Structure formats: C-alpha cells, structure tokens
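Peer 1: Structure, please.
(one chain, ligands or ions: 2)
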Amino acid sequence: MIDISTIVKSINKETTIETELTLTSFESRLGDYPILKKQPISLHISNVENAAVHITGTVDIDIAIPCSRCLEEVPTNMHFDIDKTLKITDGALVDEEMEETDYLIGFELDVDKLVYAEILVNWPMRVLCKDDCKGICKVCGMNLNKGTCSCDSFVPDPRMAAFQDIFNKFKEV
Ligand SMILES: [Zn+2]
Ligand SMILES: [Zn+2]
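Peer 2: Ligands and ions are numbered 1, 2, ... in the order given. The predicted structure is shown next:
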C-alpha cells in the first residue's frame, strides 16, 4: 500500500517509488497461475495541476500459463506499462476508465491490486508451448508431444457416418 495523499494535495508534486509485488500468483475465475519471476516496479506518481494524478510504471513478470493445446505450463513473460490518470474530483480520486477501483482506498494505492487489474487486461489470448504443439489425445488425455498412444483417434466425419449407415443397411438386406 502506498499513501499518495501528499501528491493529491500538493500541486505538481511528483515522486518515484520503488516497490515489489507481494502477489505470488494470479488467481482468477479460470484458475490459479503462479508468478514465477517478478521485477521490482518503479512507479512514477505526479500531480498534474491539481486536476489529476498520473501514475506510470512498467511491469515485468513471468507467469506460468498452461498451453492452450497440451495444458503443460508455459513460463510466459508479461511486460507492459501502467499508465493511469486519476481525476481529482471534489478532493477524491476518480478512475474514469474502470468501474471498479478496488486498488484505491481513499488515497492508499494497493499496487498488487492495480497490477492484478492490468494483468487481466494484458492476458494473452492463447499460449502455446511451441508453435507445432500436438496437443493431447482426446480419448486418453496423453500429451502427444511426448509420444503416441494407441487410441483410435479417427473421428468420423458426421456426413460420412450417414453414408456408412446407409451402406451398412444396404448390406443387411
Ligand atoms: Zn503444448
Ligand atoms: Zn490416447
């Protein structure tokens, strides 16, 4: 938690704060993703003409995200900038971009929660352990990058299956 009340109350005051994330994993509705590595964050916080507080910084973390195809954990680097402008309205801080500002309690900035919200925004659409990941067998769940299983992976085309039915009936006659 960083107290930014002096910044909010002093025109054009600015400061740079070195801080560490205490977050050790990214917990979301989709699962719990361990944070493997994290760099200290240097946050630059400034009062802009008593109208707004501007917060900038760079986040550099490695998160273990399962491969979209085989579900093996892939250390995934996330590197993004934080660039937030909070309006000073009636002596309070307002984030006009986000509905929920749980990272801010009064003039206390919760860096973990701020970064959490940004991780969510920057979450990769798809993570692959390698471009040609073979995925897992739909029958036995084996990771096909590590070998082949003996399952019958032939998935009949439904249209072909219809023909097959007709063919089988024809044979029965
Ligand atoms: Zn994979
Ligand atoms: Zn299999």
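
Peer 1: What lies in contact with the top strand by length along the chain?
Peer 2: Using DSSP state E, we find that the single longest strand of the chain is strand 73-89. Applying CB atoms under 8 Å, 6 or more residues apart in numbering, the set of residues contacting strand 73-89 from outside is 8, 36-37, 43, 48, 50-67, 93-97, 104, 114-115, 118-119, 122, 124, 127-129. In this view, the C-beta of every residue, glycine as well, is placed from N, C-alpha and C.

Peer 1: List the strands paired with that strand, with their directions.
Peer 2: Paired strands of strand 73-89, with direction, are strand 52-66 (antiparallel), strand 92-95 (antiparallel) (DSSP bridges).

Peer 1: Now do the same contact list for the most centrally placed residue in the chain.
Peer 2: Among the residues of the chain, the smallest C-alpha distance to the mean C-alpha position (CA atoms, centre = their mean) belongs to Trp123, namely 3.0 Å. For Trp123, no residue counts as a contact, taking CB under 8 Å, 6+ apart as the criterion.

Peer 1: okay, it: pLDDT?
Peer 2: Note on Trp123: pLDDT of 93.

Peer 1: which among the contacts of strand 73-89 end up buried?
Peer 2: When neighbours are counted using 16 or more other CB atoms under 10 Å, the contacts of strand 73-89 contain these buried positions: 8, 43, 52-53, 55, 57, 59, 61-67, 93, 95, 104, 114-115, 118-119, 127, 129.

Peer 1: Now do the helices in this protein.
Peer 2: 5-9, 111-122, 158-172 (DSSP state H).

Peer 1: tell me the mean pLDDT over the longest one?
Peer 2: Averaged over helix 158-172, pLDDT sits at 60.

Peer 1: Now Glu20. Nearest residue, chain neighbours left out?
Peer 2: Computed as CB to CB, 6 or more residues apart in numbering, the closest residue to Glu20 that is not its neighbour in sequence is Pro40, at 5.3 Å.
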